[in-house]
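*Asks:* Structure for the following, please:
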Amino acid sequence: MKSLVIVESPTKAKTISKFLTKDFQIESSFGHVRDLPEKELGVEVKNNFEPKYVISPRAKKRVTELKNLAEKADLIYFATDEDREGEAISWHLAQIFKTPTDQVKRITFHEITEEAVKESLKHPRTIDLNLVDAQQARRVLDRLVGYELSPFLWKKVAKGLSAGRVQSVAVRLVVEREREIKNFKIQEYWEIFGEFKTLKAPDKLKAKLQKIDGRVLEKMAITSEKQAADLTAALKPLQYYVADNQKKQTKKNPLPPFTTSTLQQEANRRLGYSAKQTMMLAQQLYEGVEITGEATGLITYMRTDSLNLSEKFLQEAAQYLDKNLGKNYLETKTFKTKSKGAQEAHEAIRPTSASRSPEEIKASLDPKQFKLYQLIWQRALASQMPPAILEATVIDINSQNNKYTFRATGQTIKFDGFLKIYPSPTKDELLPTVSLKEEMSCLKIEPEQKFTQPPARYNDATLVKALEEKGIGRPSTYAPTIATIIERGYVERNQDKRLQPKEIAFLVNDILVEHFKDIVDYDFTAKMETDLDEIAEGQKEWQPVIKEFYEPFKENLVLKNQELTKKELTEESSDEICEKCGSPMVIKLGRYGKFLACSNYPKCKNTKKLKSDDKAAKSEPQILEETCLDCGAKLVLRQGRYGSFKGCSQYPKCKYIKKEQAEDLNLTCPACHEGKIVAKRSRKGVFYACDRYPDCQTAFWGKPKDEKCSSCGWPLVDSKNGVKCSNKECQNS
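*Replies:* Coordinates of the predicted model:
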């Protein structure tokens, strides 16, 4: 009989089958086959937390087929993924088959290539029970929290709610960021810019007022329009000269190859992919894609926190760079991860072949697969290239009395280094040539009004980064965690693809923070991850770790079930009177938000929608120092449908609204080459257009990036489908 090789994915099985002889039969388990039961706890708490596993209904037929094949096989090779979850799948199958241990072999490989698969067969091992125990501990821990805390929320808040050990911490991060934004006080400030030129050349130079009397101006130094106007009036008549002109070379170093978290962050930032989408595409590239009629694994395993690169890849990368770019674009280096508990024996995410360029296989990939493969290939090869050499220029322009100093900065790329392969927002910013002590003609002095900005809401990239920095979760958990908090109705993606909490998230988070502190405590959750790592390394037994957590958790849960009532957690008083029975109405919070309900429930079951005015008192507009140009009254900062704006305090008698200067992106219009691309706002949201409208009607919805299209030279823009060219006539649009 053949040796039986079992993997978890049919695509992976198909890719591996072309590497092995007919002596091997490759089969797929189609994922997990055994888990805790859905409709009961499935953990024998009094029996040392023994898990009670059942075969999933969808897997029963497949398990029977695999069991029959296993009985006929001389050897069984479990070739599931090389992480804890993959180890557990192999262990579950071995438990079901009950095959003698001398007939069971475990093989792992970082990449699905012929060399890697055949090499793994030369070095089989036994199933690592430490890794299995770590996965069991995580599963049992998450089941105990979810299965016991979720019913508490159903009873005390609303049916259908859920809680989870990592998901609740992620919700807390999103909620706390939202409160930071809501509590943020917008402050006005001004900056002064001057436009100068030398007497002998036409080139203009824009510089910012940086010092007064030799002291650097802080960001909030100029806080009113009057201050800015007084300074502008004082600066305009003065004479100026070049006080300093410095050039300094700096290096911009290449980034290390991708780990799971950095891949998710960069794919979100550059391509607009969610963490879940990134991992789905990476799984496809890892398991194999049809290239010239054969399934080929294109990248190494995508769940990793290691920065290691194999010696084989380093040699391939060196050969590719030497052949295609020359020796001056080669600088072999290694990186060491800073992540706690990183698996250094693993590899970073890289292409399986350095010489397989993205363009070479573009026709075999769908557009999204191609973009992700290109990103991984570029990042891995760029990590083996020298730094970019930049020359920074700083020009200081002083008034003749040396009271005021303007500063202009620029840079030129002297050597592109790794930027040759991995483009990033680094470009030439040229300043005109000037000489020390040279007189400068002041063409204009202009004040610019600015406002402090609240912290941005999390997106997939920044939330993954925050979770990683706090030591919460591991490579395999980031994407599922974000997907879960969205699916469970706590968080939604807004039109800017930012993660915004729903009303129910605030209430549930506050209950957990106040009454179940450990569940959402950042340090406690990070320590639990460390405990799981130590179980995986054989340094701790898993049951004592669970017991240490569960006993105080259960004791507190029993106490809170007795102490807390749904009424005190979810109800607020209101001024409304029930039109059916005359009783006061209260504001309640259900799964889908706040609503009004009769306080005489259950005798009176009257409910109605909550008017927007009842949800919260309207925030008072902020009075500003500026005055209305129509009536002379003070202006106020108001919040409107499309954000903040400045209007007259005498509204509705006076309907003056101050038009704000559009955001200048420092980007010349690619159509007319005269105007500047600026951000504008419409009913549909923010868009970007030439400031010479209506003479030039160039406009696009995606925000322009610093990168230009390689085909037509127009700026690339972020869109729903990733990064594309802003030129509608271009093939890359």
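
*Asks:* what about the residue nearest to residue 358 when sequence neighbours are not counted, neighbour count?
*Replies:* Take residue 358 and drop its neighbours on the chain: the residue closest to it by C-beta to C-beta, 6 or more residues apart in numbering is residue 374, 3.9 Å away. To be clear about C-beta, it is placed using only N, CA and C from the backbone, and glycine gets the same treatment. When neighbours are defined as other C-beta atoms under 10 Å, residue 374 has 18 of them.

*Asks:* Looks to me like residue 374 is in a helix.
*Replies:* Yes: secondary structure of residue 374 (DSSP: H, G, I helix; E, B strand; the rest coil): part of a helix.

*Asks:* Could you list the low-pLDDT ranges of the stretch 301-450 of the chain?
*Replies:* For the stretch 301-450 of the chain, the stretches flagged by pLDDT under 70 are 337-345.

*Asks:* Going by residue numbers, what spans are helices in it?
*Replies:* 311-324, 358-361, 367-382 (DSSP state H, counting those that start in this stretch).

*Asks:* closest to residue 284 out of these?
*Replies:* helix 367-382 (6.2 Å; C-beta to C-beta).

*Asks:* Can you mark which positions in that closest one are buried?
*Replies:* Of all the residues in helix 367-382, those buried under the rule 16 or more other C-beta atoms under 10 Å are 368-382.

*Asks:* Also stretch 549-561?
*Replies:* 549-550, 553, 557, 560.

*Asks:* What of stretch 401-410?
*Replies:* Buried-residue list, stretch 401-410, by 16+ other C-beta under 10 Å: 404-408, 410.

*Asks:* can you put these in TSV and add distance to residue 603?
*Replies:* Output for the buried residues of stretch 401-410, formatted as TSV (distance: C-beta to C-beta, whole Å):
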residue	distance to residue 603
404	76
405	76
406	75
407	73
408	75
410	76
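
*Asks:* What about the residues you listed, which are in strands?
*Replies:* 404-408, 410 (DSSP state E).

*Asks:* And for residue 80, the neighbour number?
*Replies:* If we define neighbours as other C-beta under 10 Å, then residue 80 has 26 of them.

*Asks:* Without its sequence neighbours, what residue ends up closest to residue 273?
*Replies:* residue 267 (4.4 Å).

*Asks:* what about that neighbour, how many neighbours?
*Replies:* Residues contacting residue 267 under the criterion other C-beta under 10 Å number 27.

*Asks:* Residue 280 is in contact with that one, correct?
*Replies:* No: applying C-beta atoms under 8 Å as the test, residue 267 and residue 280 come out as separate, 11.1 Å apart.

*Asks:* Strands along the stretch 1-150 of the chain, start to end?
*Replies:* Along the stretch 1-150 of the chain, counting by DSSP state E, counting those that start in this stretch, strands occupy 3-7, 24-28, 34-35, 43-44, 50-51, 54-55, 76-78, 104-106.

*Asks:* Can you tell me which helices and strands the last one packs against?
*Replies:* Using 3 or more C-beta pairs under 8 Å, 6 or more residues apart in numbering; DSSP states H and E as the contact criterion, the elements in contact with strand 104-106 are strand 76-78, helix 84-97.

*Asks:* quick one: contacts of that strand?
*Replies:* Strand 104-106 has contacts (C-beta atoms under 8 Å, 6 or more residues apart in numbering) with 75-78, 87, 90, 94, 124-128.

*Asks:* number of nearby residues for residue 58?
*Replies:* Neighbour tally, residue 58, other C-beta under 10 Å: 11.

*Asks:* Rebuild the buried residues of stretch 549-561 as a markdown table, extending it with pLDDT and secondary structure.
*Replies:* Below are the buried residues of stretch 549-561 laid out as a markdown table (pLDDT from 0 to 100; DSSP: H, G, I helix; E, B strand; the rest coil):
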| residue | pLDDT | secondary structure |
| --- | --- | --- |
| 549 | 95 | helix |
| 550 | 96 | helix |
| 553 | 96 | helix |
| 557 | 96 | helix |
| 560 | 95 | helix |
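
*Asks:* Test for you: state the pLDDT assigned to the closest residue to residue 631 other than its chain neighbours.
*Replies:* Leaving aside its chain neighbours, residue 631 sits nearest to residue 654 (4.6 Å; criterion: C-beta to C-beta, 6+ apart). In this model, residue 654 is scored at 84, pLDDT.

*Asks:* Isn't residue 654 up against residue 628?
*Replies:* Yes: under the criterion of C-beta under 8 Å, residue 654 makes contact with residue 628 at 6.1 Å.

*Asks:* Now render the strands of the stretch 1-150 of the chain as a markdown table, adding mean pLDDT, mean neighbour count and distance to residue 354.
*Replies:* Listed next are the strands of the stretch 1-150 of the chain as a markdown table, based on pLDDT from 0 to 100; neighbours: other C-beta atoms under 10 Å; distance: least, C-beta to C-beta, whole Å:
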| stretch | mean pLDDT | mean neighbour count | distance to residue 354 |
| --- | --- | --- | --- |
| strand 3-7 | 96 | 23 | 26 |
| strand 24-28 | 96 | 19 | 27 |
| strand 34-35 | 95 | 18 | 39 |
| strand 43-44 | 96 | 16 | 47 |
| strand 50-51 | 96 | 16 | 43 |
| strand 54-55 | 96 | 14 | 43 |
| strand 76-78 | 97 | 22 | 29 |
| strand 104-106 | 96 | 21 | 29 |
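
*Asks:* can I get those in a markdown table with distance to residue 728?
*Replies:* Output for the strands of the stretch 1-150 of the chain, formatted as a markdown table (distance: least, C-beta to C-beta, whole Å):
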| stretch | distance to residue 728 |
| --- | --- |
| strand 3-7 | 45 |
| strand 24-28 | 44 |
| strand 34-35 | 50 |
| strand 43-44 | 58 |
| strand 50-51 | 57 |
| strand 54-55 | 54 |
| strand 76-78 | 52 |
| strand 104-106 | 54 |
